[in-house]
Structures are given as C-alpha cells and as structure tokens.
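Asks: One predicted model, sequence on top.
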Amino acid sequence: MPPDAWNPAQYGKFNTERSQPFYDLLDMLKRVEARPGRAVDLGCGTGALTRVLHERIGVSATTGLDSSDAMLAAAGQVATEGLRFIQGDISEFHDAAGFDVVFSNAALQWVPEHESLFEAISGMVRPGGQLAVQMPANDDHLSHSTAHRIAAETPFAAALGGYIRASWVRPPEWYSQRLFDLGFSEQSVRLQVYPHVLSQSRDVVEWVKGSLLTDYQRRMSPQLFAEYLEAYTEELVHLLGDAEPYFYPFKRVMIWGRKPQT
Ligand SMILES: C[S@@+](CC[C@H](N)C(=O)[O-])C[C@H]1O[C@@H](n2cnc3c(N)ncnc32)[C@H](O)[C@@H]1O
C-alpha cells in the first residue's frame, strides 16, 4: 500500500465549507433512545467532528475508525469519556455487537465495491438503529476530471503504473434502492449542491490538494508530485478561467436510514 498522504492542515484549509455537510448529516439523525447506545464513525479523520457526533446523539460509547496515522495523531487530542479512536481499514472492519448509529462523513468515497460495503456496514446496524453517510459526488466537475486526465499523461502515467483513481460513488437512487434491499424501513436520500464561493479559481487546487489529490501524491515522489501540481494548476486555471471570486458548486450525496425495531 502506498504511504499515507493525508494532511490535517491542508484538509482543514476549508474547514467551514467541509464541516457543513457533517452538520447537515448530523441533523438527519434521530436522537438515540437505546441505553447504553453505541456509535461508530467510519473514516473519522482528526476526530473533531466525531466528538460533536458523540456529544450530540446521546450514546455512551463512540468509536472513531481511520486508517491514516496523520489524521489519527490529531484525534488523540479530542478523545473524551466514552469516545475512543482506533486504526483500521473500513473495508475490513467488523463489530459483532453492532451499533445504534453507523456514521460516515466524507470517507466512503475512498472505499471500493459499494454493493458489498453497504451490506457489511448495514449488517452492523442494530434493530432500530440508524445508518448515516455523506459522500462527495463531484467527479464530473473539471476539478476532478482534469486531475485524472493529467495523471494519465507523461511522465505521471509511468510513475503511477497507469493508475487512475476510480469513482466508487453511485447515483443517489442506487443508495435508496440498496437501503430498501437491506431492510431499512425508513430512509431519506438526497443529492445536495454546496455553493462554495472561493476567492479565486486557483483555490480549487488548494481544495482538491486536501482530498482527491492525496491519492496521486502518495504514489509519486515529492518532486514528481510538484510537477504534477504545476501541470494540473495550469490546465485547470486555463479551463476554469482566472476568475475572482470563483463559484465552486460541489455535489454531495446524503444518506440516512433506520431499521425496524425487530
Ligand atoms: C475527507 S476525510 C474526512 C474525515 C472526517 N470524517 C471529517 O468529516 O472530517 C476522509 C478520511 O477517510 C479516511 N479513510 C479513507 N479510506 C479509508 C479506509 N479504507 N479505511 C479507513 N479510513 C479511511 C482517511 O484517512 C481520512 O481521514
């Protein structure tokens, strides 16, 4: 596995914009009545938002799971009573006792095979429990398509061994059907466009550097990644125009479901 390129400081540059979908997802959850309730946050990152989740929904135990050393290093500082963080891969995670809330904000887009993934994570939702997932669905924007196109060009394609990051995210109605098939009797699934006003088009590069581009960064030498960034920036600014401010519409799929009590 290539090294971890997650960087809490880079990711946090758009903290306000990036945390709004988390709060919108949190608002979709019903307060947990089961005592003592258990929750899990899959791909918890720095854990700051996991703590908000833990304190808001009324569970006594919450686990934050993430595979990144760098993100989890920050999580240690927010651990509190009933809140713990563990390192692991979402696609291998299993917990036999199950959870009243299985939550994931901006992480499952990194995990392949959503058919089996949703079966696995919904299998950990207890009767009466809830599943809440938010994922970016912006792969058709120039910010993303240009990143993939430059990655396929010389000299980057050779260093990447032809790797191009796949988009695992399916259309909203696919998740709605999946929740139905997996026995969620109540559900709400929607596509939401977040209207981000960035000071200039060049800022889109800073945005994707904190997320999408980490996948290319970890597969290249620092020098080659610097060249990649230069080529990407030049092409992207050419395509977007050198606008100030720049309007960056960002689509996200919001998924909530609750299982019947028995
Ligand atoms: C965009 S960040 C979101 C972090 C946090 N949920 C938030 O809203 O601030 C995505 C996180 O998912 C984690 N991640 C990606 N793929 C993962 C996997 N297969 N297993 C565990 N964590 C993963 C990354 O390490 C990163 O911390």
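Replies: Perfect, I can see it now.

Asks: what are the phi and psi angles of whichever residue of the stretch 151-262 of the chain sits closest to the ligand?
Replies: Closest to the ligand within the stretch 151-262 of the chain is residue 211: 5.3 Å, counting by Cβ to the nearest ligand atom. In this view, the C-beta of every residue, glycine as well, is placed from N, C-alpha and C. Backbone torsions of residue 211, given as degrees, to the nearest 10, read phi -140, psi -90.

Asks: Was I right to think it contacts residue 11?
Replies: Yes - counting by Cβ atoms under 8 Å, residue 211 touches residue 11, with 6.8 Å between them.

Asks: more crowded one of those two?
Replies: Neighbour totals were compared for residue 211 and residue 11, and residue 11 leads with 21 against 17 (other Cβ atoms under 10 Å).

Asks: ok, and the closest non-adjacent residue to that one?
Replies: Distances taken as Cβ to Cβ, 6 or more residues apart in numbering place residue 210 nearest to residue 11, at 4.1 Å, with adjacent residues excluded.

Asks: cool, and residue 73?
Replies: residue 8 (8.0 Å).

Asks: in the protein, what residue is nearest the ligand?
Replies: The chain approaches the ligand most closely through residue 45 (2.6 Å), counting by Cβ to the nearest ligand atom.

Asks: distance of the closest residue to that residue other than its chain neighbours from residue 245?
Replies: Distance criterion Cβ to Cβ, 6+ apart; nearest residue to residue 45, sequence neighbours excluded, is residue 71 at 4.7 Å. According to Cβ to Cβ, to the nearest Å, residue 71 stands 30 Å off from residue 245.

Asks: who's more crowded, these two?
Replies: Neighbours of residue 71 and residue 245, each counted by other Cβ under 10 Å, are more numerous for residue 71; the result is 22 against 12.
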